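Participant: can you look at this prediction? I've put the sequence above it.
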Amino acid sequence: MKRYLIFTASLLLVASTLACSINVDTGLTPATPAPVQPTIAAPPTQQSVSPTIQPLATSNQSPSTSDFKPCSGYNAITPDGKPQIGYGPWATRLMTALSNDGINFTRTNKVISDQADVPDIITMPDGEVRVYYIIMCPEEVRNKIVAAVSRDNGNTWVYKKITLNGIQNLQPSQVDPTVEFTTDNKIRLYFTSGPRTANPDKPEAPRTYSAISSDDYTFTLEDGVRFTVEGKEVLDPNVILIGSTWHFFSGGIPGSNYHATSTDGLNFKRTDDLSSGNFLMANGIKVDGGYRYYGFVQKPGAPTYITAVFSTDGVAWKPETWKFEVDTKNNLESVEVKDNSVTRLSNGQYLMVYATVIPGYPTPQPQKPPAPLTPRP
């Protein structure tokens with residue numbers, strides 16, 4: 001249920017070491033206008049959880065206070081004083097939008113978190129909403145998976161730390177979270193990391209692992225690797241249960257998606273990759289008549305935008321024609337929108353969380369080629 005293809009393998013696996021010394025408050029916090037509340041009538045209540053799943057009756061450890069406070073603004077400088085490379089999580093923020101039909105979204109103009117990326121959103125059976133994501137500030141949770149939790153359909157949030165046990169043989173970074181209910185009433189967390197190597201300067205290619213939880217905030221690593229491709233990066237895993245088959249999608253191929261299937265959500269077998277006009281899979285949910293997979297279109301030289309594909313069987317996916325594009329007029333977004341995730345709320349509305357570049361962040365400029373030499377006469 002996610003997607004961030006700008007990260008390279010080295011950034012994914014050593015980012016925790018790099019990020020620990022990033023200066024967090026640069027004084028470049030963008031202006032934030034008062035939130036604007038959309039007026040959207042709620043349709044009839046309908047749960048989006050697959051009928052084959054019997055989730056927990058209530059959320060465990062429903063929080064009322066935060067474990068940390070997200071920083072405000074972006075960070076454009078590396079520890080050695082050089083500009084950051086690209087639009088990493090140090091440059092982006094998470095925002096939300098609402099919809100009645102899962103297609104036409106209205107911005108709430110609410111910021112969940114700055115210096116954050118690759119979110120995955122899920123609605124608990126009691127209506128609690130959770131967003132699992134990566135954050136770069138404050139220091140105590142830098143480059144870690146955390147959760148934002150809402151008990152009022154995304155109007156307000158509290159922030160909780162996530163604990164991953166049994167990861168001593170993995171690289172320091174565990175990123176790109178996606179969560180799913182299992183058929184035995186637990187939550188499984190899929191994430192990107194790699195095996196710890198003797199030489200940290202030569203890490204192995206990132207791949208997908210999983211961890212299981214019965215309290216929703218403390219996860220234990222499961223044995224084995226969920227998906228890997230020899231010598232290739234596997235990034236941003238996302239998973240959906242269609243019928244009795246788990247479908248796995250991930251990035252790593254420019255403009256395309258790895259695809260694998262499983263009967264248990266653990267042992268995946270690769271099938272044909274899915275390519276559809278540079279559409280990158282982000283997260284899928286069950287809707288009337290089939291399944292909608294949300295994602296974003298990422299093309300060189302063009303702003304990234306959000307859209308979706310639709311399927312009745314998880315194999316053949318038809319592109320939808322709607323677009324959710326960046327809106328620079330609200331002074332809350334810039335450059336692009338991407339890394340989106342959608343859930344069905346207990347009141348029947350759809351809540352989308354998405355990433356965008358924080359306004360004011362310095363746009364990376366391509367290097368100019370050297371001037372041609374002029375031969376002497």
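Facilitator: Happy to help now that I have it.

Participant: drop to CA atoms for contacts and neighbour counts, all remaining ones
Facilitator: Noted.

Participant: all helices of the chain, in order?
Facilitator: 9-19 (DSSP state H).

Participant: which intervals of it have sub-threshold pLDDT?
Facilitator: 1-62, 364-377 (pLDDT under 70).

Participant: need phi/psi at the residue nearest to residue 74 when sequence neighbours are not counted.
Facilitator: Using Cα to Cα, 6 or more residues apart in numbering and skipping the chain neighbours, the partner closest in space to residue 74 is residue 91 (5.1 Å). Main-chain torsions, residue 91, degrees, to the nearest 10: phi -110, psi -10.

Participant: can you report how many residues neighbour residue 91?
Facilitator: Residue 91: 27 surrounding residues under other Cα atoms under 10 Å.

Participant: got it, and residue 351?
Facilitator: Residue 351 has 26 nearby residues by other Cα under 10 Å.

Participant: what sits against it?
Facilitator: When the contact criterion is Cα atoms under 8 Å, 6 or more residues apart in numbering, the partners of residue 351 are 96, 97, 98, 99, 153, 154, 342, 343, 344, 345.

Participant: for residue 241, see how far away residue 193 is.
Facilitator: Going from residue 193 to residue 241 by Cα to Cα, to the nearest Å gives 23 Å.

Participant: I misspoke; the intended subject was residue 330.
Facilitator: 37 Å.

Participant: so those two - more neighbours on which side?
Facilitator: Relative neighbour count places residue 241 above the other of residue 330 and residue 241, with 27 against 16, counting by other Cα under 10 Å.

Participant: residue contacts, the residue nearest to residue 74?
Facilitator: Contacts of residue 91 by Cα under 8 Å, 6+ apart are 74, 75, 76, 114, 115, 116, 357, 358, 361.

Participant: try residue 350
Facilitator: So residue 350 contacts 98, 99, 100, 101, 102, 342, 343, 344 (Cα under 8 Å, 6+ apart).

Participant: a markdown table for those residues, including distance to residue 149 and neighbour count?
Facilitator: Compiled in a markdown table, these are given as follows (distance: Cα to Cα, whole Å; neighbours: other Cα atoms under 10 Å):
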| residue | distance to residue 149 | neighbour count |
| --- | --- | --- |
| 98 | 17 | 25 |
| 99 | 20 | 22 |
| 100 | 22 | 18 |
| 101 | 23 | 14 |
| 102 | 21 | 19 |
| 342 | 15 | 29 |
| 343 | 13 | 26 |
| 344 | 15 | 29 |
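
Participant: looking at the residues you listed, which are in strands?
Facilitator: 98, 99, 342, 343, 344 (DSSP state E).

Participant: for the stretch 51-200 of the chain, which segments count as strands?
Facilitator: For the stretch 51-200 of the chain, the strands defined by DSSP state E, counting those that start in this stretch occupy 92-99, 105-114, 116-123, 129-135, 144-150, 158-161, 163-165, 175-181, 187-193.

Participant: closest one to residue 304 among these?
Facilitator: strand 92-99 (13.6 Å; Cα to Cα).

Participant: centroid residue for the chain?
Facilitator: residue 118 (2.2 Å; Cα atoms, centre = their mean).
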